[in-house]
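> please work out how this folds:
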Amino acid sequence: MSPVRLNPRKLLLSKWTAVAPQYKEKHFIVTRLVEPADPAAPLEEIELEAVHSRRSRIMPWRELCDETRWRQGWL
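Have a look, this model is predicted:
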């Protein structure tokens with residue numbers, strides 16, 4: 001299977017499913033793109049919010065490419 005290829009600028013409001021849910025948090029949505037301090041620098045982080053608990057966290061967007069942890073869409 002080919003690796004997941006993502007355009008970080010198109011991640012806003014995208015939906016994700018955790019492969020191994022924790023704390024009943026299975027479905028997530030990207031609620032914000034964390035802009036770098038330097039406008040010329042590439043986007044590195046996103047804010048991901050759990051649909052069930054509304055808890056959010058900042059994380060590197062590249063973690064979403066790990067198919068052992070994340071699936072695109074709500075499955």
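
> what's Val19 in contact with, if anything?
Under the criterion of Cβ atoms under 8 Å, 6 or more residues apart in numbering, the neighbours of Val19 are 67-71. The way it works is simple: take the backbone N, C-alpha and C, and place the C-beta from them, glycine included.

> what subset of the residues you listed is buried?
Trp70 (16 or more other Cβ atoms under 10 Å).

> of the contacts of Val19, which is the nearest to Arg32?
Trp70 (17.3 Å; Cβ to Cβ).

> list the residues that contact that closest one.
Trp70 makes contact with 16-19, 63-64, according to Cβ under 8 Å, 6+ apart.

> which one of those residues is nearest Arg55?
Distances from Arg55 to these, taken by Cβ to Cβ, are shortest for Ala18, at 12.4 Å.

> doesn't Ala20 fall inside a helix?
No: the assignment for Ala20 (DSSP: H, G, I helix; E, B strand; the rest coil) gives strand, which keeps it out of a helix.

> my guess is it meets Arg71, correct?
No: between Ala20 and Arg71 there is no contact under Cβ atoms under 8 Å: 11.0 Å.

> and the furthest pair within the contacts of Val19?
Thr68 and Arg71 (10.0 Å).

> circling back to that earlier point, any of the contacts of Trp70 buried? List them.
16, 18, 64.

> ok, back up a step: so which pair among the contacts of Trp70 is furthest apart in space?
Thr17 and Glu63 (13.8 Å).

> pairing partners for the longest strand belonging to the chain, with directions?
For the chain, the longest strand by residue count, based on DSSP state E, is strand 25-34. Here strand 25-34 has these sheet partners by DSSP bridges: strand 15-22 (antiparallel), strand 45-50 (antiparallel).

> pull the CA atoms of it into CSV?
These are the backbone C-alpha positions of strand 25-34, laid out as CSV (Å, rounded to 0.1, in the frame of the first residue of the first chain):
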residue,chain,number,x,y,z
GLU,A,25,-12.1,9.5,21.4
LYS,A,26,-12.3,7.8,18.0
HIS,A,27,-13.4,10.6,15.6
PHE,A,28,-11.5,13.8,15.1
ILE,A,29,-11.6,16.9,13.0
VAL,A,30,-8.9,19.4,12.1
THR,A,31,-10.1,22.7,13.5
ARG,A,32,-7.1,24.9,12.8
LEU,A,33,-3.9,25.2,10.9
VAL,A,34,-1.2,26.5,13.3
